[in-house]
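Asks: sequence and predicted structure are below.
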Amino acid sequence: EVRLVESGGGFVQAGGSLRLSCATSGFTFHDNAIAWFRRAPGKEREGVACLSSGIGGPRYADSVRGRFFISSDPAKNAVYLQMDNLKPEDTAVYYCAVSDRCWTYDFWGQGTQVTVSS
């Protein structure tokens with residue numbers, strides 16, 4: 001059974017940082033793409049970052065490139081999203097997800113709320 005559990009969200013002022021964590025089980029990192037996406041009220045789901053051994057390196061949405069950094073620790077079955085220089089428009093529920101390729105999402109967790117004040 002695939003499971004993903006996000007944590008680390010919270011309330012932060014603009015310009016601040018947060019580090020999200022995702023505890024996973026039920027799949028191997030090497031054979032899958034691991035990603036973060038977000039959903040803000042009234043907006044469509046937005047892919048934020050993706051990590052896959054098949055693409056040679058992390059991929060980021062234009063809106064977060066240079067500010068967000070995805071990483072993983074396969075030994076701990078964990079995925080992380082370091083978010084720096086946060087902006088109010090980053091306010092959303094953030095989800096980690098797994099699929100066979102980037103920017104698609106087969107399984108995801110319950111999400112963690114990130115709120116950035118101006």
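Replies: The structure has been received and is ready for your questions. Numbering: from 1, shown residues only.
Asks: and the residue sitting nearest the centre point of the chain, which helix or strand is it part of?
Replies: Centroid-nearest residue in the chain, with Cα atoms, centre = their mean: Trp36, separated by 2.5 Å. Per DSSP states H and E, Trp36 falls inside strand 33-39.
Asks: now that strand: buried residues?
Replies: By neighbour count on 16 or more other Cβ atoms under 10 Å, the buried set for strand 33-39 is 33-38. Heads up, the C-betas are built off the backbone N, CA and C, glycines and all.
Asks: does anything pack onto that strand? Which helices or strands?
Replies: Applying 3 or more Cβ pairs under 8 Å, 6 or more residues apart in numbering; DSSP states H and E, one finds that strand 33-39 contacts strand 18-25, strand 46-52, strand 68-73, strand 78-83, strand 92-99.
Asks: now do it against strand 46-52, angle only.
Replies: Interaxial angle, strand 33-39 versus strand 46-52 (axes from the mean of the first three to the mean of the last three Cα atoms, to 10 degrees): 170 degrees.
Asks: partners of strand 33-39, with directions?
Replies: strand 46-52 (antiparallel), strand 92-99 (antiparallel) (DSSP bridges).
Asks: ok, then the element right after the longest one?
Replies: The one in question is strand 92-99. In N-to-C order, the element after strand 92-99 by DSSP H and E is strand 107-108.
Asks: which outside residues touch that next one?
Replies: If you take Cβ atoms under 8 Å, 6 or more residues apart in numbering as the criterion, strand 107-108 is touched by 2, 4, 27, 37, 95-99.
Asks: tell me which two of those residues sit farthest apart.
Replies: Greatest spatial distance in the contacts of strand 107-108: Phe27 and Phe37, 17.1 Å, computed using Cβ to Cβ.
Asks: pLDDT score assigned to Ser25?
Replies: Note for Ser25: predicted pLDDT of 95.
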